[in-house]
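Asks: Dropping the sequence and predicted coords here.
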Number of protein chains: 2
Amino acid sequence: MVKKPFSISFDLQTGNTDKKLVTSRYLSDMKEMYYDVSKAEEIIKNKNEKIYDFTELGFDEVEQDLLYGTSIVYPGKVGEEYYMTKGHFHTKLDLAEVYYCLSGKGYMLMETPEGEWDAVELEAGKAVYVPGRWAHRSINVSDEPLVTFFVFRADAGHDYGTIETKGYRKLIVERDGKPTIIDNPKWK
Amino acid sequence: MVKKPFSISFDLQTGNTDKKLVTSRYLSDMKEMYYDVSKAEEIIKNKNEKIYDFTELGFDEVEQDLLYGTSIVYPGKVGEEYYMTKGHFHTKLDLAEVYYCLSGKGYMLMETPEGEWDAVELEAGKAVYVPGRWAHRSINVSDEPLVTFFVFRADAGHDYGTIETKGYRKLIVERDGKPTIIDNPKWK
């Protein structure tokens, strides 16, 4: 069966689409991932804030196809730690991903299983290459949504569990009013 | 060897980058692809117009990696036929590509070896999925550059020869002031 071409519109500023393809992550979905869990729980008691949205196309996960869409990380902090995505390795660890930043400011925080890490700045117009083996998490350090357009191989898969269990080696927090990379005291 | 993350900036309106990664195609590189070759030759005598630019990252062509960049098709016509890219199949025919339109207006004209064809509109914010098996060519029908951000598997390869030899089944030309899809009388 030959697949048919199609298109989806994503607003170039907001990343929004009118297609029903968006998955939302709320603070309650990831409160343990923040350094200050008690602060996260306090926020949730008042309002379970939405942290980010992303597109899921729902294709079959075959190696010939690509998945694409937008990721929107909303502005905010849990204590001194900026809102961020869960972060994941690809299940097929060697597969890469491309993120093209449409608006906002932040970082793509990356690390390998061997302990290398890197933080690449995201701002409108920057296209970040995440090679295979690098877990990746986007972090919003501004007061506006951080919007990226992403593409990866449809069979890459998402391994969230490793990060959920071990955490990231580094965190990005606000210190003296600016983004600061620190060691994660909870990293296992 | 673990690859390192990196980023490249591409202007979100113009698609331009300051990295020296851009390949340009001039009318002389593709005059035989236009319906009216004598008109193309006439234009070249006056000025060998630049038709489009695109980014080449120059990675090793391995299946784990992705290639990305911008394509910029300039406005203009050869007779009644709009400026366009050469168009190509992937050498690994089954591999897909994603194009996210940043600015301008045009079409992604596609066809399969079996003779199916499709023309999907490109305008700012539209992300077109080109599945495997579909040759693809972008065509600028406006007075502004047509700018897209593209991503494909690094091992996909470009088969330009099939289109150079056989041509496309369909053309997009200006008739009565608007884009019109016609059969290509030169198609073999």
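Replies: Arrived safely. Numbering: from 1, shown residues only, chains lettered A, B, ... in the order given.
Asks: Select the longest helix from chain A.
Replies: As assigned by DSSP state H, the longest helix anywhere in chain A is helix A:37-46.
Asks: Need the CA coordinates for the helix or strand just after that one. CSV is fine.
Replies: Counting by DSSP states H and E, the next helix or strand C-terminal to helix A:37-46 is strand A:50-55. Output in CSV follows, covering the C-alpha atoms of strand A:50-55 (Å, rounded to 0.1, in the frame of the first residue of the first chain):
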residue,chain,number,x,y,z
LYS,A,50,0.0,22.3,32.1
ILE,A,51,3.7,22.0,31.5
TYR,A,52,3.8,21.1,27.8
ASP,A,53,1.9,20.0,24.7
PHE,A,54,3.2,17.9,21.8
THR,A,55,1.9,16.4,18.6
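Asks: does strand A:50-55 come close to chain B?
Replies: No. For a cut-off given as C-beta under 8 Å from any C-beta of the partner chain, strand A:50-55 has no contacts with chain B; the smallest distance is 9.4 Å. To be clear about C-beta, it is placed using only N, CA and C from the backbone, and glycine gets the same treatment.
Asks: what does that strand rub up against?
Replies: Strand A:50-55 has contacts (C-beta atoms under 8 Å, 6 or more residues apart in numbering or on different chains) with A:8, A:10, A:15, A:17, A:19, A:21-27, A:29-30, A:68-74, A:76, A:83-85, A:150.
Asks: Please produce a PyMOL select command covering the buried subset of the residues you listed.
Replies: To isolate the buried ones among those in PyMOL, judged by 16 or more other C-beta atoms under 10 Å in any protein chain shown, type:
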select buried, chain A and resi 8+10+15+17+25+27+30+68+69+70+71+72+73+74+83+84+85+150
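Asks: Report the beta-bridge partners for A:Val78.
Replies: Beta-bridge pairing for A:Val78 (DSSP bridges): A:Glu81.
Asks: And for A:Val128?
Replies: Beta-bridge pairing for A:Val128 (DSSP bridges): A:Tyr99, B:Ser7.
Asks: Pull the number of nearby residues for it.
Replies: Other residues within reach of A:Val128, judged by other C-beta atoms under 10 Å in any protein chain shown, total 25.
Asks: Now do the same contact list for it.
Replies: If you count contacts by C-beta under 8 Å, 6+ apart, then A:Val128 has A:Val98, A:Tyr99, A:Tyr100, A:Cys101, A:Met108, A:Val120, A:Leu122, B:Pro5, B:Phe6, B:Ser7 around it.
Asks: Is it correct that A:Lys86 falls within a strand?
Replies: No. Per DSSP: H, G, I helix; E, B strand; the rest coil, A:Lys86 lies outside any strand segment and is coil.
Asks: And the helix or strand of chain A with the lowest mean pLDDT, what does it pack against?
Replies: Sorting the helices and strands of chain A by mean pLDDT, DSSP states H and E puts helix A:161-166 at the bottom, at a mean of 92. Applying 3 or more C-beta pairs under 8 Å, 6 or more residues apart in numbering or on different chains; DSSP states H and E, one finds that helix A:161-166 contacts strand A:135-140.
Asks: 10 Å instead?
Replies: Helices and strands touching helix A:161-166, by 3 or more C-beta pairs under 10 Å, 6 or more residues apart in numbering or on different chains; DSSP states H and E, are strand A:89-90, strand A:135-140.
Asks: Quick check: which of those strands is buried the most?
Replies: Greatest average neighbour count among the helices and strands packed on helix A:161-166 goes to strand A:135-140 (a mean of 25), per mean count of other C-beta atoms under 10 Å in any protein chain shown.
Asks: Paired strands for the very next helix or strand once past that one, with orientation please.
Replies: As assigned by DSSP H and E, the chain's next helix or strand after strand A:135-140 is strand A:146-153. Strand pairing for strand A:146-153, using DSSP bridges, gives strand A:66-73 (antiparallel), strand A:97-103 (antiparallel).
Asks: how about the CA coordinates for the last one, as CSV?
Replies: Right, strand A:97-103. What follows is strand A:97-103, C-alpha atoms only, in CSV (Å, rounded to 0.1, in the frame of the first residue of the first chain):
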residue,chain,number,x,y,z
GLU,A,97,16.1,13.8,16.1
VAL,A,98,15.9,17.4,14.7
TYR,A,99,14.3,20.3,16.6
TYR,A,100,13.8,23.6,14.9
CYS,A,101,12.9,26.4,17.3
LEU,A,102,10.0,28.6,16.2
SER,A,103,9.7,30.9,19.2
